[in-house]
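Participant: Any chance you could fold what I've pasted below:
(one chain, ligands or ions: 2)
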Amino acid sequence: MQYWSKAYIPTLKESPAEAEIESHKLLLRAGLVRKIGGGLYAFLPLGKRVLDKVSQICREEMNAAGAIELLMPAVLPAEQWKAGPRWNAVREVMYSVSSAGADAKISEDPQYVLGPTHEEVITPLIGSEISSYRDLGKTFYQIQTKYRNEIRPRYGLMRAREFIMKDGYSFDESDEKAEETYHQMAAAYEKFFARCGLKFISVEADTGIMGGAFSHEFMVPAEVGDDDVVYCEESGYAANVEKASSGIVTDGLSVEAPEGEVVEFETPGATTINALAKEPYKVAAARQYKTLLYVGDDKLFAIVIRGCDDLQESKLGSLGYEFVRPATPDEIESVMGAKPGSLGVVNGTIKQRDRLDGVFADDAIRLIGNGVTGANKDGFHLKHVNVERDLDIDNFGDFRQVKPGEPCPKSGKPLKIARAIEVGHIFKLGTKFSESEFWGAKFHDSEKQTKPAVMGCYGIGVSRTIQAVIEQSRDKWGIVWPWSVSPYQVIITVLDPGMEDAAELAKKIGSAAESEGADVLVDDRDERPGVKFKDADLIGIPLRVTIGGRGLKEGIVEVKWRIEDDVRKVAIDQVVEVVTSSIRDKNSS
Ligand code: ATP
Ligand code: MG
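Facilitator: Ligands and ions are numbered 1, 2, ... in the order given. This is a model prediction of the structure:
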């Protein structure tokens, strides 16, 4: 039993200016966290209790799924990362540490880095431990502090520079077994998020710099999320917009036949899709081919989409370049022969076609059939450009961003898009990490053949999950904690803490509640009732028992659920039974 007067729960009436979103305000107002620096937070005692509860639920579900807990250091030799497959991409978000003397600079070439995640550490670690297929079929996890130099830390624990993650890694002997493990982990994730009281969906996700075969994200729908989820209620299709595709281009779509010879026309000053859509040209955006130039690992490539579409940059990942960036106007002009605004990929019009590493086109341009594109001559465009006859395209693919209302690829019904918070992400990695020559995780199979282990990796943003719970579960009075993760389940509000009977009764109810497994906070502060009720609502404790002087004389106490308006008056000799049976109900549901 925790007495409030001896605890440290610094609630705030007003929300500090630093907080922009409700869950961040409540984290501060309820005294759960305090800011130490940009993206750096201290967990105050109440916040630490929630963190421990969420971590424990996570641990239980990981253990139940057969995963084994370990702990790796957070300070890591940079060497190990440099030898790995994604140093160049991942170093952008890594903090480095120097062990040298005072004159040592935080260098370009650090000695140590702070772990943003641990594939580069666990793969060689387990690689040196395992030798036979008999050692495989193992999943390891840790719950640990991670460090990422986020460009824009914001929203409190949502996007922090230092945060708590559960990261897990599986090692299997075959693809099939790795997939089984992946599905077991996905099931454990569903149980974990459900036990945290979250409403969430699992969606198909882009694999990004992790590469690997496939991946799912666990998303909590919320306006303040950083991700867009595309979904169909009819078919259950759900994917991150980075990965989502729609059914606008049907299989076997036949392209319109050419409608005449390609004709060049003058378009002085018209360098945008919009300008061409207006007088005097009046070419609808949906009839224009838009040509964009990118650089992938120092090689220029072109990508063609419809004028009415947006490129989904994450989909360029499928092209296999490690680094992709938009080309500069100079790079574009030297290869294409024109400035952006008059670009196109019509056969024979590109100044130095051999300097393009590839010309890729979005499937949806086949819906245009015959359209308009730049002539690679400033101030000129071409019309009657036929997709099949005239465009110099190496490969078609899915590169566009899905828009709401487009047909679901499975059911054909209109797709919806909603904002969401990513709280977990699982990947089937394959052998990307394990196959490394000097560094990987290899084993002998039953025929004594050496093979790389087939890996998966699994992350949960433990601290982000806490804030997602608050974002989803709150009202105008404060946090409404789900029973399972509430810092305390029961608050006993003693209105006249000086009265001996009241203190006695509080102790009796509190002990009984504790013996049922609830955590109990007794508000014994010398404060006005209004202050106590407001604080209890703000910190969001699910069950409140109020012991007042007058009620005590009449032989009653009040029992109230945080989520209900009704106050139940209960006879003193029944209150222990009412409280304990409520707790039993909650613990068994
Ligand atoms: P995001 O897309 O939000 O940047 P990510 O894809 O980089 O996240 P992962 O590498 O998959 O994240 O990490 C696993 C989990 O860790 C994420 O699902 C998320 O819940 C959490 N997480 C990642 N970055 C942060 C951060 N800066 N602050 C708090 N939690 C984070
Ligand atoms: Mg992710």
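
Participant: which parts of this structure sit against ligand 1?
Facilitator: Within the chain, the residues that sit near ligand 1 (C-beta under 6 Å from any ligand atom) are 117, 148, 150, 159-160, 163, 165, 226, 422-425, 459, 461, 463-464. Where you see a C-beta, it was placed from the backbone N, CA and C, and this is true even at glycine.

Participant: Buried ones from the residues you listed, can you make that a ChimeraX selection?
Facilitator: Per 16 or more other C-beta atoms under 10 Å, the buried members of the residues of the chain next to ligand 1 correspond to this ChimeraX selection:
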select :117,148,159,160,163,165,422,423,424,425,459,461,463,464
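
Participant: Now the longest strand along the chain - C-alpha only, PDB.
Facilitator: The strand spanning the most residues in the chain, taking DSSP state E as the definition, is strand 416-430. Listed next in PDB are the C-alpha coordinates belonging to strand 416-430 (Å, rounded to 0.1, in the frame of the first residue of the first chain):
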ATOM      1  CA  LYS A 416      -9.700   4.100 -46.500                       C
ATOM      2  CA  ILE A 417      -6.700   5.800 -45.000                       C
ATOM      3  CA  ALA A 418      -6.200   6.600 -41.300                       C
ATOM      4  CA  ARG A 419      -3.400   8.000 -39.200                       C
ATOM      5  CA  ALA A 420      -1.700   5.600 -36.700                       C
ATOM      6  CA  ILE A 421       1.100   5.300 -34.200                       C
ATOM      7  CA  GLU A 422       3.500   2.500 -34.900                       C
ATOM      8  CA  VAL A 423       4.000   0.600 -31.600                       C
ATOM      9  CA  GLY A 424       5.700  -2.600 -33.000                       C
ATOM     10  CA  HIS A 425       7.400  -3.900 -36.100                       C
ATOM     11  CA  ILE A 426       8.300  -7.400 -37.000                       C
ATOM     12  CA  PHE A 427      10.500  -8.500 -39.900                       C
ATOM     13  CA  LYS A 428      11.300 -11.800 -41.500                       C
ATOM     14  CA  LEU A 429      15.000 -11.000 -42.200                       C
ATOM     15  CA  GLY A 430      16.100 -14.100 -44.000                       C
END
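
Participant: Smallest gap between the stretch 201-350 of the chain and ligand 1, at which residue?
Facilitator: Going by C-beta to the nearest ligand atom, ligand 1 is nearest to Asp226 of the stretch 201-350 of the chain, at 5.7 Å.

Participant: likewise the stretch 401-550 of the chain?
Facilitator: Counting by C-beta to the nearest ligand atom, the stretch 401-550 of the chain gets nearest ligand 1 through Gly461, at 2.2 Å.

Participant: With the stretch 101-250 of the chain instead?
Facilitator: Closest point on the stretch 101-250 of the chain to ligand 1, by C-beta to the nearest ligand atom, is Phe163, at 3.6 Å.

Participant: Show me what the helix or strand containing that residue is packed up against.
Facilitator: Using DSSP states H and E, the element containing Phe163 is strand 162-172. Where contact means 3 or more C-beta pairs under 8 Å, 6 or more residues apart in numbering; DSSP states H and E, strand 162-172 is packed against helix 45-64, helix 119-129, strand 138-147, helix 175-195, strand 454-461, helix 462-472.

Participant: now the first one, how far from the centre of its chain.
Facilitator: Okay, so that is helix 45-64. 19 Å (C-alpha atoms, centre = their mean, to the nearest Å).

Participant: contacts for it?
Facilitator: Applying C-beta atoms under 8 Å, 6 or more residues apart in numbering, the contact partners of helix 45-64 are 7-9, 27, 30-33, 43, 69, 141, 143, 164, 166, 168, 188-189, 191-192, 195-196, 460, 462-463, 465-466, 469, 481, 484-488, 519, 539.

Participant: My understanding was that Thr123 contacts Lys442; is that so?
Facilitator: No - in this structure Thr123 lies outside contact range of Lys442 using C-beta atoms under 8 Å: 10.3 Å.

Participant: Residues that sit against both of these two, list them.
Facilitator: By C-beta under 8 Å, 6+ apart, the residues touching both Thr123 and Lys442 are Ser434.

Participant: could you pull out the helices for the stretch 401-550 of the chain?
Facilitator: 462-472, 500-515, 529-539, 549-554 (DSSP state H, counting those that start in this stretch).

Participant: show me where pLDDT drops low in the chain?
Facilitator: 99-108, 209-212 (pLDDT under 70).

Participant: please redo it, this time with the cut-off set to 50
Facilitator: 104 (pLDDT under 50).

Participant: Just want the most central residue of it.
Facilitator: Glu422 (2.5 Å; C-alpha atoms, centre = their mean).

Participant: residues contacting that one?
Facilitator: Glu217, Phe218, Met219, Gly225, Asp226, Asp227, Gly461, Arg464.

Participant: same check, this time on Val295
Facilitator: Phe301, Val324, Arg325, Pro326, Ala327, Glu331.

Participant: Please indicate which of those residues are buried?
Facilitator: Using 16+ other C-beta under 10 Å, the buried ones in the contacts of Val295 are Phe301, Ala327.

Participant: Among the contacts of Val295, which pair sits farthest apart?
Facilitator: Val324 and Glu331 (13.4 Å; C-beta to C-beta).

Participant: tell me which residues of stretch 316-336 are tucked away?
Facilitator: Leu316, Gly317, Leu319, Tyr321, Ala327, Ile332, Glu333, Val335, Met336.

Participant: Give me the neighbour count for the nearest residue to the fourth one once chain neighbours are set aside.
Facilitator: Meaning Tyr321. Leaving aside its sequence neighbours, Tyr321 sits nearest to Gly296 (C-beta to C-beta, 6 or more residues apart in numbering; 3.0 Å). Residues lying near Gly296 (other C-beta atoms under 10 Å) number 18.

Participant: residues touching Gly296, list them.
Facilitator: Leu316, Leu319, Tyr321, Glu322, Phe323, Val324, Asp357.

Participant: Hmm, the residue of the stretch 201-350 of the chain closest to ligand 1 is touching Arg159, no?
Facilitator: Yes - judged on C-beta under 8 Å, Asp226 makes contact with Arg159 at a distance of 7.2 Å.

Participant: coming back round to it: compile the contacts of Val295 into a markdown table and extend it with columns for distance to Leu367 and secondary structure.
Facilitator: Shown next, in a markdown table, are the contacts of Val295 (distance: C-beta to C-beta, whole Å; DSSP: H, G, I helix; E, B strand; the rest coil):
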| residue | distance to Leu367 | secondary structure |
| --- | --- | --- |
| Phe301 | 22 | strand |
| Val324 | 25 | strand |
| Arg325 | 29 | strand |
| Pro326 | 25 | strand |
| Ala327 | 26 | coil |
| Glu331 | 30 | helix |
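
Participant: one step back: among the contacts of Glu422, which lie within strands?
Facilitator: Glu217, Phe218, Met219, Asp227, Gly461.

Participant: Pick out whichever of these sits closest to Ser98.
Facilitator: Nearest to Ser98 among these, with distances taken as C-beta to C-beta, is Gly461, at 28.4 Å.

Participant: quick revisit: secondary structure for the contacts of Gly296 - can I get that in JSON lines?
Facilitator: JSON lines is the format used below for the contacts of Gly296 (DSSP: H, G, I helix; E, B strand; the rest coil):
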{"residue": "Leu316", "secondary structure": "helix"}
{"residue": "Leu319", "secondary structure": "helix"}
{"residue": "Tyr321", "secondary structure": "coil"}
{"residue": "Glu322", "secondary structure": "coil"}
{"residue": "Phe323", "secondary structure": "coil"}
{"residue": "Val324", "secondary structure": "strand"}
{"residue": "Asp357", "secondary structure": "strand"}
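
Participant: hmm, back to that, kindly provide the distance from the residue nearest to the centre of the chain to Ala17.
Facilitator: Using C-beta to C-beta, to the nearest Å, we find Glu422 at a distance of 27 Å from Ala17.
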